[in-house]
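Student: Build me a model:
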Amino acid sequence: MIAMTENRITEGNVPRQLLAFFFPLLVGSVFQTLYNTVDSIIVGRFVGANALAAVGGTGIIMGMLVGFFMGLASGGTVIISQYYGAMDNENLSKAVHTTVTMALIGGLFLTLLGECLSGTLLQLIKLDPVIMDMGKMYLRIIFGGMIFFTLYNLGGGILRAVGDSKRPRNYLIVTCILNIFLDLLFVLVLHMDVAGVAIATILSVAVSSILVARVLLTTNDIFRVDLKKLGIDRHIFKEIIRIGLPAGGTSLAYVFSNAVIQAAVNSFGATTTAAWVAFGKIDNIIFMIQGAFGMAATTFVGQNFGAKKYGRVKESVRAGLLMSIGVTLVLSLTMWFFGPAMISLFATEEPVIAIGASVLRVCAPFYFTYSFIEILSGAIRGSGEGFVPMAISLTAICLFRFVWITLIAPRIGGTVEMIAACYPASWIAAGMIFIAYYLRYRKKFAQ
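Tutor: All right, here's what the predicted structure looks like:
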């Protein structure tokens with residue numbers, strides 16, 4: 001008999017439960033970041049700056065295609081968390097099977113799209129011709145295994161939506177260790193360079209997706225997947241689109257604005273691109289932590305909103321903000337003082353280190369402002385409202401960055417540091433709007 005396990009997210013001390021749910025997410029995010037960081041370290045130090053630029057410079061393309069689909073499907077995890085909190089078994093099952101079906105179809109679609117458009121997309125972001133062939137090869141190999149990415153991410157999202165953040169973390173740790181081993185084998189022993197890193201990534205993600213699928217197929221909880229029930233439920237699909245389409249559109253707009261930024265950076269040459277990639281890996285540490293808090297806030301709000309426990313909704317937002325800001329400030333200070341040493345993990349060339357450290361110091365003092373964007377947008381989305389977070393992000397972040405890169409940066413120096421300054425400027429603008437909106441929106445959470 002399939003039953004619901006104890007649900008602690010809707011019971012007990014909110015800060016303690018939030019931390020208990022957050023830490024597995026954080027550990028998982030650490031290993032997810034390590035996953036990508038090790039690729040960059042091995043390529044940058046043992047193959048060269050051009051290979052580092054090729055691997056890192058193509059990331060914007062993956063983000064553009066994968067980000068839209070994952071944002072779209074995130075509507076499924078919001079709905080699942082609400083149905084789980086409300087103990088609505090029938091609709092929960094429909095939502096789970098619809099989400100898994102979307103993962104399978106979406107993975108195949110992204111593979112086809114990526115294989116057909118890789119070269120064209122790399123030309124659009126003005127990747128240096130010196131590294132174009134390496135970038136194209138890396139991208140095509142990665143897109144060849146895209147179904148594993150979508151299955152793992154959406155399968156893991158289902159587990160997190162029902163309050164299980166530990167098993168996705170454990171599987172990611174195992175596969176991250178596997179990825180490191182395969183990176184070393186393919187690059188240092190078999191000398192496969194960029195192709196070796198891509199193949200190692202695909203094989204590792206395949207293992208993690210199989211582990212997640214095994215849980216979904218064998219669990220005794222009410223979110224169990226029955227292969228015979230796979231399909232698209234029209235009502236659930238409409239709800240997923242209603243909530244997820246704004247998130248997918250936001251993700252796509254984020255990536256588009258970052259593609260404009262990446263193209264501007266690439267115009268400085270491969271050395272600056274390599275420095276930007278190294279900066280991005282360190283920069284991602286902050287967003288990894290804030291993203292984990294954001295996911296925790298979305299799940300907490302979703303389940304407690306579904307259970308009509310509105311006081312816990314507001315309390316989880318307050319706790320999430322305080323925790324996220326505190327941790328971010330400590331890390332920002334570390335990055336400010338030890339930036340050059342951190343950049344040197346990814347490259348040995350002095351120009352790359354100098355440029356990367358300079359860009360890092362532009363952003364470090366302002367990272368805490370992004371906490372408001374992650375926590376508040378996650379909370380609003382968790383309650384089922386997807387349009388407003390999209391509207392704020394499109395205008396205050398994406399459009400703002402586009403205007404900055406095309407009109408403002410060229411007039412105030414046109415340096416790579418001026419390009420980087422668009423990030424903190426957009427965080428501040430969006431954060432202020434999210435705060436103002438949430439202060440009005442939280443009235444919806446009546447005591």
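Student: how far away is the spatially most central residue of the chain from I285?
Tutor: The centroid of the chain falls nearest to G291 when counting by CA atoms, centre = their mean (7.1 Å). Note on G291: its distance to I285, by CB to CB, to the nearest Å, is 11 Å. (C-beta placed from N, C-alpha, C; glycine too.)
Student: Where does pLDDT dip in the stretch 51-200 of the chain?
Tutor: Residues of the stretch 51-200 of the chain meeting the criterion pLDDT under 70: 53-54, 56-67, 69-70, 72-73, 124-128.
Student: Can you show me the helices along the stretch 51-200 of the chain?
Tutor: Counting by DSSP state H, counting those that start in this stretch, the stretch 51-200 of the chain has helices at residues 59-86, 89-124, 132-144, 146-161, 166-183, 193-218.
Student: For G382, which of the ones you listed is the nearest?
Tutor: Among these, the nearest to G382 by CB to CB is helix 59-86 (6.0 Å).
Student: Quickly find the element holding the residue nearest to the centre of the chain.
Tutor: helix 270-306 (DSSP states H and E).
Student: tilt between that helix and helix 146-161?
Tutor: Angle of helix 270-306 versus helix 146-161, following axes from the mean of the first three to the mean of the last three CA atoms, to 10 degrees, is 40 degrees.
Student: C-terminal to helix 270-306, what's the next element?
Tutor: helix 310-343.
Student: If you count contacts, what does that next one end up packed against?
Tutor: helix 14-46, helix 270-306, helix 350-363, helix 370-382 (3 or more CB pairs under 8 Å, 6 or more residues apart in numbering; DSSP states H and E).
Student: related to what we said a few turns ago, looking at the helices of the stretch 51-200 of the chain, which is closest to R440?
Tutor: helix 59-86 (21.0 Å).
Student: I'd guessed the residue nearest to the centre of the chain sits against S377; true?
Tutor: No: the pair G291 / S377 is not scored as a contact, 11.1 Å apart, by CB atoms under 8 Å.
Student: Flag every buried residue along stretch 341-361.
Tutor: For stretch 341-361, the neighbour count (16 or more other CB atoms under 10 Å) marks 342-347, 349, 352-353, 355-361 as buried.
Student: which residues does V130 contact?
Tutor: 50, 270 (CB atoms under 8 Å, 6 or more residues apart in numbering).
Student: Same check on M323?
Tutor: By CB under 8 Å, 6+ apart, the residues touching M323 are 15, 18-19, 22, 293.
Student: List the backbone torsions phi and psi for the residue lying closest to K94 once chain neighbours are set aside.
Tutor: Of all residues not flanking K94 in the chain, D233 sits nearest, at 4.3 Å (CB to CB, 6 or more residues apart in numbering). Dihedral angles of D233 (phi, psi; degrees, to the nearest 10) stand at phi -80, psi 120.
Student: Number of residues surrounding D233?
Tutor: Neighbour count of D233, defined by other CB atoms under 10 Å: 17.
Student: Distance of it relative to V96?
Tutor: 10 Å.
Student: repeat for I240
Tutor: Taking CB to CB, one finds I240 at 11 Å from V96.
Student: next one: Y310
Tutor: Distance from Y310 to V96, by CB to CB: 26 Å.
Student: If you count surrounding residues, which of those two has more?
Tutor: V96 (29 against 17).
Student: Please report the distance of the more buried one from V352.
Tutor: Counting by CB to CB, the gap from V96 to V352 is 46 Å.
Student: same question, T150
Tutor: For T150, the distance to V352 (CB to CB) stands at 33 Å.
Student: And M418, by the same measure?
Tutor: Distance, M418 to V352, by CB to CB: 19 Å.
Student: And for Y423?
Tutor: Taken as CB to CB, the span from Y423 to V352 is 20 Å.
Student: Repeat that for D164.
Tutor: Counting by CB to CB, the gap from D164 to V352 is 41 Å.
Student: per-residue pLDDT, the nearest residue to M418 once chain neighbours are set aside?
Tutor: Nearest residue to M418, sequence neighbours excluded (CB to CB, 6+ apart): A409, at 4.5 Å. On pLDDT, A409 comes in at 79.
Student: A292 touches R160, doesn't it?
Tutor: No: at 10.2 Å, A292 does not count as touching R160 under the criterion of CB under 8 Å.
Student: who's in contact with F300?
Tutor: 9, 14, 17-18, 21, 312-313, 316, 320, 382 are the contacts of F300 under CB under 8 Å, 6+ apart.
Student: Format those residues as a markdown table; extra columns: neighbour count, distance to Y441 and pLDDT.
Tutor: As requested, the contacts of F300 are exported to a markdown table (neighbours: other CB atoms under 10 Å; distance: CB to CB, whole Å; pLDDT from 0 to 100):
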| residue | neighbour count | distance to Y441 | pLDDT |
| --- | --- | --- | --- |
| I9 | 26 | 21 | 69 |
| V14 | 22 | 19 | 73 |
| Q17 | 20 | 23 | 74 |
| L18 | 23 | 20 | 74 |
| F21 | 24 | 23 | 69 |
| R312 | 23 | 16 | 80 |
| V313 | 24 | 11 | 78 |
| S316 | 28 | 15 | 81 |
| G320 | 29 | 16 | 84 |
| G382 | 30 | 12 | 76 |
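Student: I am finished for the moment; much appreciated.
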